[in-house]
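Asker: sequence? don't have it. structure:
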């Protein structure tokens, strides 16, 4: 299937969707690359009731409620703030000029580091209502500065509706979409129960997802890397972000699937590739080099 995927990459028909497992490819120096590892770091820095110590969103909500949002943000920033170099997979993806959109559904900055030195890209990043009330995303330039959105529209109630993308972003040839936020550049994280409730309340009607993402995803196939779909949050975000795209996708998932994962893959017409992620990434890059040499 490598050849089929590479051909789609060269046509610009692939949207890579990177989950926590991609971060783990960086090895021992990597930030937390599983929700279980991340919640362990959070509860090591703040007292959390035993019954929710293994639940990332609930533990984050407890810290936000009883220790303040700033404490949660600081703990998240610490977890993802260590120095770590991008992996060969990040670098390979950053070197694919035909790829218009990459979705990164985790909090590290490894993909951003892989894009350093290029100038024709930008980031659209999910932000929390608790810290950016009325805004769903920030548009971020390669230097980390925020591009101001155009004038807000307002609905009949007077509430803010999604702002239009800044005009300067129309010149970006490549877009990184971080629906959960990121440590870069300003530690914006969607991680607590209330963060997710606010997004999920609107995501069925696509409000939190930028129009630019809607446009680029049309007719394209998603390649899920480092993702599992064992819980409803993971499935909901993937389902809504890939809505109205192509009718054929791939997911690299090694080992046994849960019943919910099997059902999700079947419903979304995602072809499962049962392979080790590191080996798949290496094969992808090697096949690409061989094709170029030929």
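Answerer: Received the coordinates, thanks. Worth saying up front: this structure is predicted, and the values here are computed from it rather than measured.

Asker: where does the stretch 1-150 of the chain dip in pLDDT?
Answerer: 150 (pLDDT under 70).

Asker: all strands in it, in order from the N-terminus.
Answerer: Along the stretch 1-150 of the chain, the stretches classed as strands by DSSP state E, counting those that start in this stretch are 14-18, 101-104, 121-126, 137-140, 146-147.

Asker: Would you mind saying which of those strands lies nearest residue 43?
Answerer: strand 121-126 (23.7 Å; C-beta to C-beta). Placement of C-beta: from N, CA and C, glycine included.

Asker: Just name whatever secondary elements the closest one is in contact with.
Answerer: Counting contacts by 3 or more C-beta pairs under 8 Å, 6 or more residues apart in numbering; DSSP states H and E, strand 121-126 is packed against strand 137-140, strand 174-178, strand 181-182.

Asker: which of the residues in stretch 185-192 are buried?
Answerer: 185-192 (16 or more other C-beta atoms under 10 Å).

Asker: go on, stretch 140-152?
Answerer: Under the neighbour-count criterion of 16+ other C-beta under 10 Å, stretch 140-152 has 140-142, 147, 149 buried.

Asker: how about these, which pair is most distant?
Answerer: Spanning the widest gap among the buried residues of stretch 140-152 are 142 and 149, at 17.6 Å by C-beta to C-beta.

Asker: Quick one: distance of the helix or strand harbouring residue 216 to the chain centre.
Answerer: Using DSSP states H and E, residue 216 falls within helix 211-217. How far helix 211-217 lies from its chain's middle: 15 Å, per C-alpha atoms, centre = their mean, to the nearest Å.

Asker: Which residues does it contact?
Answerer: Outside helix 211-217, the residues that touch it by C-beta atoms under 8 Å, 6 or more residues apart in numbering are 15, 100-101, 124, 162, 164-165, 169, 175, 177, 206, 241-245.

Asker: Which single one of these is nearest to residue 287?
Answerer: In terms of C-beta to C-beta, no member of the contacts of helix 211-217 lies closer to residue 287 than residue 15, at 19.4 Å.

Asker: That's all I had, so thanks and see you.
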